[in-house]
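1. need a 3D model of the following:
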Amino acid sequence: QVQLVESGGGLVQTGGSLRLSCAASGRTISSSAMAWFRQAPGKVRDFVAAISRTGGRTDYADSVKDRFTIFRNNANNILYLEMNSLRPEDTAVYYCALRLGFEYYSVPSPADFSSWGQGTQVTVSS
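-> Alright, predicted model coming up:
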């Protein structure tokens, strides 16, 4: 089993930046694709970004493309999400996700993942 812990959320103004981290323990993440999802109050959990096992492939939701960057450090077992030019509509709880041994070939959905962190709140003020 793998445990995921997100950190790095907070309150920022429109146009600001944050870097989220997702630290994994219990198992190595190097054999698994990973992703970030987000969920705003009263809404479904939405895909944000995904990264392949080696980091050679990344995919983004259209709403965050060119503003967010997903990357990983397999040696340290950490997944990141660099968020720039933040907007009020980015306000949500952000979750990292993993399923051991999983590789993705199309944009993943929440159902593709079995391990989730507790989430970190990102609030962007206007």
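2. could you say which helix or strand holds the most centrally placed residue in the chain?
-> When CA atoms, centre = their mean is applied to the chain, the residue found nearest the centroid is Trp36 (2.2 Å). Using DSSP states H and E, Trp36 falls within strand 34-39.
3. thinking again about what came up before, now the residue nearest to the centre of the chain. Nearest residue, chain neighbours left out?
-> In space, and not counting its chain neighbours, Trp36 is closest to Val48: 4.2 Å by CB to CB, 6 or more residues apart in numbering. The C-beta positions use only the backbone N, C-alpha and C, and glycine is treated the same way.
4. my guess is that neighbour contacts Gln39, does it?
-> No - Val48 is not in contact with Gln39 according to CB atoms under 8 Å; the separation is 10.1 Å.
5. which of the two has more neighbours?
-> Using other CB atoms under 10 Å as the criterion, Val48 and Gln39 rank with Val48 on top: 24 against 15.
6. quick one, grab the pLDDT at the residue lying closest to Asp46 once chain neighbours are set aside.
-> Excluding its sequence neighbours, the residue lying closest to Asp46 (CB to CB, 6+ apart) is Arg38, at 5.7 Å. pLDDT for Arg38: 98.
7. neighbouring contacts of the strand holding Trp36?
-> 20, 22, 45-51, 70, 72, 79, 81, 90, 92-98, 104, 108, 110, 112-113, 119, 122 (CB atoms under 8 Å, 6 or more residues apart in numbering).
8. quick one: strands adjacent to it?
-> Take DSSP bridges as the rule and strand 34-39 pairs in its sheet with strand 46-51 (antiparallel), strand 92-98 (antiparallel).
9. packed most tightly, which of the ones you listed would that be?
-> Compared across the strands paired with strand 34-39, strand 92-98 shows the largest average neighbour count, a mean of 24 (mean count of other CB atoms under 10 Å).
10. state the next helix or strand along the chain beyond that one.
-> Of the helices and strands lying after strand 92-98 in sequence (DSSP H and E), the nearest is strand 115-116.
11. relative to strand 92-98, how tilted is the next helix or strand after that next one?
-> For strand 115-116, the following helix or strand on the C-terminal side (DSSP H and E) is strand 120-125. Here strand 120-125 points in a direction 150 degrees away from that of strand 92-98 (axes from the mean of the first three to the mean of the last three CA atoms, to 10 degrees).
12. I am finished for the moment; much appreciated.
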